[in-house]
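Engineer: quick one: sequence and predicted model below, then my questions.
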Amino acid sequence: KKEQHIKRTGRSVQPVYGAQHPPLDPRLRRTYPKDTKPKFNNPKSKKACSFHEFARSTNDAWDIEDEEDEDFLVTPYFSFAGTLKVILIFRFLFLGFITLLSDFLIFLLWPFTVRSTLQKQQSLPVRPIIPLVARISDQNASGAPPMTVREKSRLDKFKQLLASPNTDLEELRKHSWSGIPREVRPITWRLLSGYLPANKERRELVLKRKREEYFGFIEQYYHSRTDEHYKDTYRQIHIDIPRTNPLIPLFQQPVVQEVFERILFIWAIRHPASGYVQGINDLVTPFFVVFLSEFVTEDVENFEVAALPLDTQRNIEADSFWCMSKLLDGIQDNYTFAQPGIQNKVKALEELVSRIDEDIHNHFKKYEVEYLQFAFRWMNNLLMRELPLRCTIRLWDTYQAEAEGFSHFHLYVCAAFLIEWRKEILSMIDFQGLLMLLQNLPTIHWGNEEVGLLLAEAYRLKYMFADAPSHYKR
């Protein structure tokens, strides 16, 4: 009974894969709020405490009837053998007749049932299967064609901006906010991240110099990965790389994993204030996919990177390193000791949600769900573990177009993302159910359409609350 009680009332919060969670406060492991916790030890309580106990307290309908029959047989009023045989024979014949009649009716109605079912299935809208990576940023969840007249016009505008002698970066950001066409995304990301200069004539020279500088770091530092001082860093990187997007074949290729290993190690030893932290490995993937797509027309997720010329592979690697470095320069306090940046952002999210949607906030309080238990990963991985990679790339179009997109606007995106699941959250009435939902949100079919709505809501929240004097206060 003691073991059953432990199983019934115990709880285990699943560790979040690939993210660094701070230790959970023991009081957060309580299953029910203090005022509503059922008293399981009360012998007078007839409410079943668990599924198994509930199952034991109820029996199958046929079993109940059999038990009633057994009682019927031993009753002294019907102890005569002849009477008993007549009753049993009558019962058998009656049940047999009912069974035959129901089978006959099913046989007659079967064609109509099948036809009706097929008609219903055919009338249901078919949701297309969207590839995880390939042409991810151009295809909507609705299955709309990637290039419309409007998109063609937008692409022409981008090409015009990029072809000018000095690209107007403010105008480029303005057009990039609502998504960047796939064909011009690589160069646009390089410009918006600050990796490339706006002056067109200087770009080739800068690219050549920065790529050579990166591989100079490789020659200078990479051999030290086995040194005593860096072996823990290298070991953690080596563990995390196979976990990066494990469902996408592209990232399981040895040549790609070696690229990630070099990028992360060089970044870690050049940033000793933070070093390598789990979660940084995810931040390389969007840049790598975008710069790879510049040379690949087929599905990126299944493309063999080793088939590319070595110089092309090296250029993709160097560009991914520098753009990731530019991103992390703006959010490095997320990864320094004790990760204060993330702690502050999670606290800001909690206070913001308490103003935006008091019902959700109070629901979390009622079931003792702490924001740190789910939002830590949202901040640490920039929602990359919550969204398909195609959605992350679309999201980053806007982040790079926004001033402080990764550090400031991301907060409002997380708030909008949480409110998106309002109905599902409020329907969960236990701690573990809420945590399971928040750590496994069903976004696998999301595309540009859903991300666009999410960003629009985030912009609305920012417009309403960012400049308010009591931004995070009631």
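Structural biologist: Arrived safely, thanks for sending.

Engineer: name the residues of stretch 247-264 that come out as buried.
Structural biologist: Judged by neighbour count (16 or more other CB atoms under 10 Å), stretch 247-264 contains these buried residues: 248-251, 256, 259-264. In this view, the C-beta of every residue, glycine as well, is placed from N, C-alpha and C.

Engineer: with secondary structure, distance to Cys414 and pLDDT added, can I get those in TSV?
Structural biologist: As requested, those are arranged in TSV below (DSSP: H, G, I helix; E, B strand; the rest coil; distance: CB to CB, whole Å; pLDDT from 0 to 100):
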residue	secondary structure	distance to Cys414	pLDDT
Ile248	coil	24	93
Pro249	helix	30	94
Leu250	helix	27	96
Phe251	helix	25	96
Val256	helix	29	97
Val259	helix	30	97
Phe260	helix	26	97
Glu261	helix	30	96
Arg262	helix	31	97
Ile263	helix	26	97
Leu264	helix	25	97
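
Engineer: which one of these is nearest Arg185?
Structural biologist: Nearest to Arg185 among those is Leu250, at 17.0 Å by CB to CB.

Engineer: one step back: any chance of the buried residues of stretch 247-264 in CSV with distance to Ile241 as columns?
Structural biologist: Below are the buried residues of stretch 247-264 laid out as CSV (distance: CB to CB, whole Å):
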residue, distance to Ile241
Ile248, 13
Pro249, 15
Leu250, 13
Phe251, 8
Val256, 9
Val259, 10
Phe260, 5
Glu261, 6
Arg262, 11
Ile263, 10
Leu264, 8
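
Engineer: which strands and helices sit next to the strand or helix carrying Asp156?
Structural biologist: Asp156 is located in helix 149-163, with elements delineated by DSSP states H and E. Applying 3 or more CB pairs under 8 Å, 6 or more residues apart in numbering; DSSP states H and E, one finds that helix 149-163 contacts helix 169-176, helix 185-192.

Engineer: could you say which of those helices is packed most deeply?
Structural biologist: Among these, the stretch with the highest mean neighbour count (mean count of other CB atoms under 10 Å) is helix 185-192, at a mean of 22.

Engineer: that one - contacts with which helices or strands?
Structural biologist: helix 149-163, helix 169-176, helix 280-292, helix 310-329, helix 389-401.

Engineer: can you tell me what sits against that helix?
Structural biologist: 137, 158, 162, 167, 169, 172-173, 176, 180, 196, 198, 287, 290-291, 293-294, 319, 323, 393, 396-397, 400-401 (CB atoms under 8 Å, 6 or more residues apart in numbering).

Engineer: next secondary structure after it?
Structural biologist: Assigned by DSSP H and E, the successor of helix 185-192 is helix 200-221.

Engineer: low-confidence ranges, the stretch 351-474 of the chain, go.
Structural biologist: When residues are selected by pLDDT under 70, those of the stretch 351-474 of the chain lie in 467-474.

Engineer: nope, the chain is what I meant
Structural biologist: 1-147, 467-474.

Engineer: how does it look with 80?
Structural biologist: 1-147, 466-474 (pLDDT under 80).

Engineer: this completes my enquiry, with thanks.
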